[in-house]
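Asker: sequence-free structure coming up:
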């Protein structure tokens, strides 16, 4: 009796599954009255980071309006100088950049051992035996 009930329920499930609509991905449909407007890219952003314990500073600024983009970014180099890059892109002219350095080279600031926040790794030859 249980087998007949299971078979009957299985057949009912198959029939019910066939009667449902299939759910497959279809791109959104637009009516003929709707129009898709492709606007020119336009944005403006700016961010900066200053990490006091390491004296590390870096940031980026960029603005775009259509085919014209301009911006700059800067980073504190390990030798103590600040590298600043100013750039622009105008249509098909490509990326045009000007690189400047501010400050003097300091060999002390370039030393990894002098920075307290740097992890130190010690290799122990006895560990591998």
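Answerer: Structure received. The shown structure was predicted, so the numbers you read here are calculated from the model rather than taken from an experiment.
Asker: scan the protein for its longest helix.
Answerer: helix 2-19 (DSSP state H).
Asker: after it, which helix or strand is next?
Answerer: Using DSSP states H and E, the next helix or strand after helix 2-19 towards the C-terminus is strand 42-51.
Asker: does anything pack onto the helix or strand following that following strand? Which helices or strands?
Answerer: Downstream of strand 42-51, the first helix or strand assigned by DSSP H and E is strand 56-65. Packing partners of strand 56-65 (3 or more Cβ pairs under 8 Å, 6 or more residues apart in numbering; DSSP states H and E): strand 42-51, strand 68-76. All C-beta atoms are positioned from the backbone trio N, CA, C, and that covers glycine.
Asker: so which of the ones you listed comes closest to residue 4?
Answerer: Closest approach to residue 4 among these is made by strand 42-51 (67.5 Å; Cβ to Cβ).
Asker: any idea which of the helices and strands packed on strand 56-65 is most buried?
Answerer: strand 68-76 (a mean of 17; mean count of other Cβ atoms under 10 Å).
Asker: for the closest residue to residue 95 other than its chain neighbours, pull up the helix or strand it's in.
Answerer: Computed as Cβ to Cβ, 6 or more residues apart in numbering, the closest residue to residue 95 that is not its neighbour in sequence is residue 89, at 5.5 Å. According to DSSP H and E, residue 89 maps onto strand 82-90.
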